[in-house]
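Next input, structure requested:
(chains A and B)
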Protein chains: 2
Amino acid sequence: MQTLIIVSHPTLADSNAQRFLWESLPAEGVTWHHLESVYPDGQIDREAEQQQLLQYDRIIFQFPFYWYSSPALLKQWQDVVLTEGFAYGVDGSRLSGKEFGLVLALGVNEREYQAGGREGFTISELTRPYQAMATKCGMAYLPTLVVSKFDYLSDTKRKELLIAYQQYLTKDNDASLKSSENWFKLQLQSLGKAGLSEADQQLVEHLLAVLEDNREQLDDLAWTLAQMEGNQLG
Amino acid sequence: MQTLIIVSHPTLADSNAQRFLWESLPAEGVTWHHLESVYPDGQIDREAEQQQLLQYDRIIFQFPFYWYSSPALLKQWQDVVLTEGFAYGVDGSRLSGKEFGLVLALGVNEREYQAGGREGFTISELTRPYQAMATKCGMAYLPTLVVSKFDYLSDTKRKELLIAYQQYLTKDNDASLKSSENWFKLQLQSLGKAGLSEADQQLVEHLLAVLEDNREQLDDLAWTLAQMEGNQLG
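The predicted model follows:
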């Protein structure tokens, strides 16, 4: 899978959250496209952007959630790039079948985004314009990845965020245990090639064997269950 | 009441809808503030904008509904002008108690904005970010005025739109018949000063007398009803 991360942040260098996400990028399969760096004069190249979009399976908008929406340059990008005839229209969309997701950085705790919370509305409610955009372009809308109050996260929470972010960018959009297993197996296999010590390589191989073993046992159980249900119905 | 209309449209001169709204402006009490004309270089003057906001009772955002949101420059305006300490924060908001509303120009029929319609979501759902903004700034959120497919409106519909727009800008936010009567009376009274022919002036005075007469009859009926209810309860 190839994933394009369209980042919009007017002062990227000052953001610890964005730096952490940048440092967390997987080695392969993702492209980081920071609009304010590429277009400091705000003049977006429609043709180049449209051609780029076609190369990817998953499109991510990543930005700080200013006034419940994106910074201005990403909105400009939407209005310039997602034109009728390309992104939607009577002949359909060139983006149809791709996946679309949001990575939002919040300055307040996510639990404030609910009825009765300080922000009053949920993230799902406030991001309807993006959901409607994905729908109009024929793209599957992924659950949003929220990063809230990054500067206050513990080391453990940051490690969890790193995994969640990498999965958000590269894992199949499928909540099954099997899909998570496969993703971890791929990560472990690529680790094996990365010049680990012999002890670490043995650990990785052991983990892979355990995952494989668990999977076989689960498959056996699933098969047995299916047989029992078949007998009851027969 | 003083109303500030913050208009955002990158190609205003090409828009029949925006020209019609501009030509429909009431003679008094409103200021038309077109961001792309005032800031062709996109450099928004925070201090001037904040001072201007304080002079008005009602703030309107008026724009074409591009990708279920505003053009980029209005988003830039929000991020630059509505700062913590001015628009929200521990010391409250300098905008508290004002009214806030949206005038949206749609390219498709408004009925497409519903579950099952081509746009899939209602205008109320898609404009949650503005509702949340108004709430955070302590401003009362007005029902949105939607102008859909202006170029296809009949002359009658355009006249209705003119009245609806003028009322949206200057009428008390109060759905009562009395509030509408008062608004029409003010309009008719200001007409009376505008160099009408004697025949037209007589017509205006007659209309005012009829409105006044209706109001007195309604007040009498309301008083009688209140008496009857009082007797029943007593």
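
Now do A:L186: how many residues are near it, please.
Using other C-beta atoms under 10 Å in any protein chain shown as the criterion, A:L186 is surrounded by 13 other residues. (Glycine included, C-beta is placed from N, CA and C.)

A helix includes it, no?
Yes - counting by DSSP: H, G, I helix; E, B strand; the rest coil, A:L186 is part of a helix.

Tell me the spacing between it and chain B.
In this structure, A:L186 lies at 35 Å from chain B, with C-beta to the nearest C-beta, to the nearest Å as the measure.

again with A:N173
20 Å.

For that residue, I want the exact helix or strand it lies within.
With elements taken from DSSP states H and E, nothing contains A:N173; it lies in neither a helix nor a strand.

Repeat that for A:K157.
Under DSSP H and E, the secondary-structure element containing A:K157 is helix A:155-170.

got the buried residues for that helix?
Of the residues in helix A:155-170, those scored as buried under the neighbour-count criterion (16 or more other C-beta atoms under 10 Å in any protein chain shown) are A:161, A:164-170.

And that helix, what does it pack against?
Other helices and strands packing on helix A:155-170, by 3 or more C-beta pairs under 8 Å, 6 or more residues apart in numbering or on different chains; DSSP states H and E, are strand A:3-7, helix A:16-23, strand A:58-64, strand A:99-106, strand A:145-148, helix A:177-192.

low-confidence ranges in chain A?
Along chain A, the parts satisfying pLDDT under 70 run over A:192-194, A:233-234.

domains in it, as residue ranges please.
Per automatic domain parsing, the structural domains of chain A span A:3-173, A:175-234.

Which residues are in contact with A:Y66?
When contacts are counted by C-beta atoms under 8 Å, 6 or more residues apart in numbering or on different chains, A:Y66 is found next to B:75, B:78-79.

again but with A:V80, I slipped
Shown in contact with A:V80 (C-beta under 8 Å, 6+ apart): A:44, A:46, A:49.

From those residues, keep the buried residues only.
A:44, A:49.

How far off centre is the longest helix seen in chain A?
Identified as the longest helix of chain A according to DSSP state H is helix A:198-233. Relative to its parent chain, helix A:198-233 has a centroid offset of 28 Å by C-alpha atoms, centre = their mean, to the nearest Å.

And stretch A:148-164, by the same measure?
Per C-alpha atoms, centre = their mean, the displacement of stretch A:148-164 from the mean C-alpha position of its chain is 16 Å.

any idea how far A:L196 is from the residue nearest to the spatial centre of chain A?
Residue closest to the mean C-alpha point of chain A, counted by C-alpha atoms, centre = their mean, is A:Y168 at 3.0 Å. Separation of A:Y168 from A:L196 (C-beta to C-beta, to the nearest Å) stands at 26 Å.

now do A:W223
36 Å.

Which positions in chain A make contact with chain B?
Taking C-beta under 8 Å from any C-beta of the partner chain, the part of chain A that reaches chain B is made up of A:42, A:66-73, A:75-76, A:78-79, A:82, A:119-121, A:125-126, A:128-129, A:131-133, A:135-136.

nearest residue to A:A87 other than its sequence neighbours?
A:C137 (4.9 Å; C-beta to C-beta, 6 or more residues apart in numbering or on different chains).

How about A:Y168?
Nearest-residue entry for A:Y168: A:L145, 4.6 Å, with adjacent residues in sequence omitted and distances by C-beta to C-beta, 6+ apart.

other SSEs contacting the longest helix of chain A?
Secondary-structure packing of helix A:198-233 (3+ C-beta pairs under 8 Å, 6+ apart): helix A:177-192.

between the helix it packs on and helix A:198-233, how many degrees?
160 degrees (axes from the mean of the first three to the mean of the last three C-alpha atoms, to 10 degrees).

rewinding a little: deepest in the core, which of the domains of chain A is it.
Between the domains of chain A, the one whose residues have the most neighbours on average, counting mean count of other C-beta atoms under 10 Å in any protein chain shown, is domain A:3-173 (a mean of 17).

measure that one end to end?
Criterion C-alpha to C-alpha, to the nearest Å; first-to-last residue distance in domain A:3-173 is 13 Å.

could you check the distance from A:G101 over to chain B?
For A:G101, the distance to chain B under the criterion C-beta to the nearest C-beta works out to 17 Å.

could you list every residue that touches the nearest residue to that residue once chain neighbours are set aside?
On the basis of C-beta to C-beta, 6+ apart, the spatially nearest residue to A:G101 that is not a chain neighbour turns out to be A:L142, at 3.5 Å. By C-beta under 8 Å, 6+ apart, the residues touching A:L142 are A:58, A:99-102, A:168, A:173.

next one: phi and psi at the residue nearest to A:A87?
Listed backbone geometry of A:C137 is phi -90, psi 0, with angles given as degrees, to the nearest 10.

so who does it touch?
The contact partners of A:C137, taken as C-beta under 8 Å, 6+ apart, are A:82, A:87-88, A:93, A:95-96, A:98, A:100.

how about a cut-off of 7 Å?
Taking C-beta atoms under 7 Å, 6 or more residues apart in numbering or on different chains as the definition of contact, the neighbours of A:C137 are A:82, A:87-88, A:93, A:95.

any idea which helix or strand carries A:K75?
Here A:K75, judged by DSSP H and E, is contained in helix A:72-81.

what angle do that helix and helix B:72-81 make?
180 degrees.

Dump the C-alpha coordinates for helix A:72-81 into PDB.
As requested, the backbone C-alpha atoms of helix A:72-81 are provided in PDB (Å, rounded to 0.1, in the frame of the first residue of the first chain):
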ATOM      1  CA  ALA A  72      -6.100  27.800   5.300                       C
ATOM      2  CA  LEU A  73      -3.500  26.400   2.900                       C
ATOM      3  CA  LEU A  74      -5.100  22.900   3.100                       C
ATOM      4  CA  LYS A  75      -8.500  24.400   2.300                       C
ATOM      5  CA  GLN A  76      -6.900  26.200  -0.600                       C
ATOM      6  CA  TRP A  77      -5.500  22.900  -1.700                       C
ATOM      7  CA  GLN A  78      -8.900  21.300  -1.600                       C
ATOM      8  CA  ASP A  79     -10.500  24.100  -3.700                       C
ATOM      9  CA  VAL A  80      -7.700  24.100  -6.300                       C
ATOM     10  CA  VAL A  81      -7.000  20.400  -6.600                       C
END
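
thinking A:R128 is in contact with B:R128, fair?
Yes - proximity of A:R128 to B:R128 meets the contact threshold set by C-beta atoms under 7 Å, at 6.3 Å.

Can you give me every residue that contacts A:I44?
A:I44 makes contact with A:76-77, A:80-81 under the criterion C-beta under 7 Å, 6+ apart.

which one of those is nearest chain B?
Closest approach between these and chain B, by C-beta to the nearest C-beta: A:Q76, at 3.8 Å.

separation between the closest one and A:A175?
Noted for A:Q76: a distance of 35 Å to A:A175, by C-beta to C-beta.

before we move on, what about A:T3?
Separation of A:T3 from A:A175 (C-beta to C-beta): 18 Å.
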